[in-house]
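S.K.: No letters, just coordinates:
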Ligand SMILES: O=C(COP(=O)(O)O)[C@@H](O)CO
């Protein structure tokens with residue numbers, strides 16, 4: 001299969017308030033990215049509208065870090081897909097391990113959110129990943145298949161290619177994380193591709209973009225994104241600085 005754009009994105013997680021985020025977006029808008037890279041950035045909700053405004057007309061896609069599945073209602077503290085769209089975001093992250101671990105997000109909730117995001121024309125970026133315990137018991141591939149199948153349950157073959165998947169081992173994420181080695185990621189992503197093809201058929205299953213995340217840095221990003229079934233990287237700490245993000249994206253094509 002011919003390779004299309006390599007996705008390189010970052011979630012700022014709970015970092016950058018409105019002024020820092022707007023300033024970062026302004027700087028991002030002035031940078032040029034290689035044509036083969038599809039950059040994206042995911043700011044906190046309080047900065048979403050400003051970041052979308054500052055990046056409109058640029059090649060950088062903007063996303064939200066989470067959403068509720070309902071359009072509106074008595075859901076104190078939640079943000080709906082309608083609100084996210086109104087801010088101008090195109091993408092929404094769903095099921096990050098920090099949301100699963102700290103906020104009880106389950107595969108079933110992820111599935112509700114995926115349907116809702118697609119219904120509202122948002123591109124879901126679904127995060128899946130094995131815990132350290134699942135990894136040490138050698139059930140990584142089963143865990144990933146289960147999470148993927150539930151997340152995509154009931155999604156039409158036509159909509160499947162709109163979904164982005166990020167494989168992020170829980171044990172590789174964050175300051176205490178351990179970077180995964182390349183052959184392991186290769187095996188996991190090849191497995192994910194075969195699950196997707198079984199689920200949605202060759203055409204739709206091959207069209208889903210599979211990203212890798214967890215302790216991705218300027219040093220290892222190219223070795224990951226070069227793998228046949230890795231269509232990009234989803235980066236945290238190493239890309240929060242805009243210039244580091246840009247350098248990492250350039251390094252992926254070098
Ligand atoms: O959590 C992620 C990776 O974080 P790192 O700091 O790169 O380990 C991923 O979802 C991007 O936010």
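M.R.: Nice, thanks for sending it over. Because the structure is predicted, anything quoted here is derived from the model rather than measured.

S.K.: Tell me the first helix or strand C-terminal of the helix or strand hosting residue 143.
M.R.: Using DSSP states H and E, residue 143 sits in helix 140-151. Remark: after helix 140-151, the chain's next helix or strand is strand 164-167, criterion DSSP H and E.

S.K.: For that next one, which strands pair with it and how are they oriented?
M.R.: Paired strands of strand 164-167, with direction, are strand 123-128 (parallel), strand 209-213 (parallel) (DSSP bridges).

S.K.: Which one, of these, ends up nearest to the ligand?
M.R.: strand 209-213 (4.0 Å; CB to the nearest ligand atom). (Glycine included, C-beta is placed from N, CA and C.)

S.K.: Show the model's pLDDT score for the residue of the stretch 1-150 of the chain found nearest the ligand.
M.R.: The minimum distance from the stretch 1-150 of the chain to the ligand, using CB to the nearest ligand atom, falls at residue 11 (3.6 Å). Listed pLDDT for residue 11 reads 98.

S.K.: Same question for residue 253.
M.R.: At residue 253, the pLDDT value in this model is 88.

S.K.: The closest residue to it other than its chain neighbours: neighbouring residues, count only.
M.R.: Excluding the flanking residues, the one nearest residue 253 by CB to CB, 6 or more residues apart in numbering is residue 34, at 4.7 Å. By the criterion of other CB atoms under 10 Å, residue 34 has 15 neighbours.

S.K.: and stretch 212-229, how far out from the chain's middle?
M.R.: 14 Å (CA atoms, centre = their mean, to the nearest Å).

S.K.: Need the residue closest to the centroid of the protein.
M.R.: Centroid-nearest residue in the chain: residue 125, 4.3 Å away (criterion: CA atoms, centre = their mean).

S.K.: Return the residues in contact with the closest residue to the ligand within the stretch 51-200 of the chain.
M.R.: Nearest residue of the stretch 51-200 of the chain to the ligand (CB to the nearest ligand atom) works out as residue 173 at 4.4 Å. Contact partners of residue 173, counting by CB atoms under 8 Å, 6 or more residues apart in numbering, are 97-98, 129, 213-215, 236.

S.K.: about what we covered before: which residue comes closest to the residue of the stretch 1-150 of the chain closest to the ligand once chain neighbours are left out?
M.R.: residue 42 is the one closest to residue 11 (CB to CB, 6+ apart), at 4.0 Å.

S.K.: Hmm, the one you found is touching residue 12, no?
M.R.: Yes - with contact defined as CB atoms under 8 Å, residue 42 counts as touching residue 12 (6.6 Å).

S.K.: quick revisit: does anything pack onto the helix holding residue 143? Which helices or strands?
M.R.: Secondary-structure packing of helix 140-151 (3 or more CB pairs under 8 Å, 6 or more residues apart in numbering; DSSP states H and E): helix 107-119, strand 123-128, helix 182-200.
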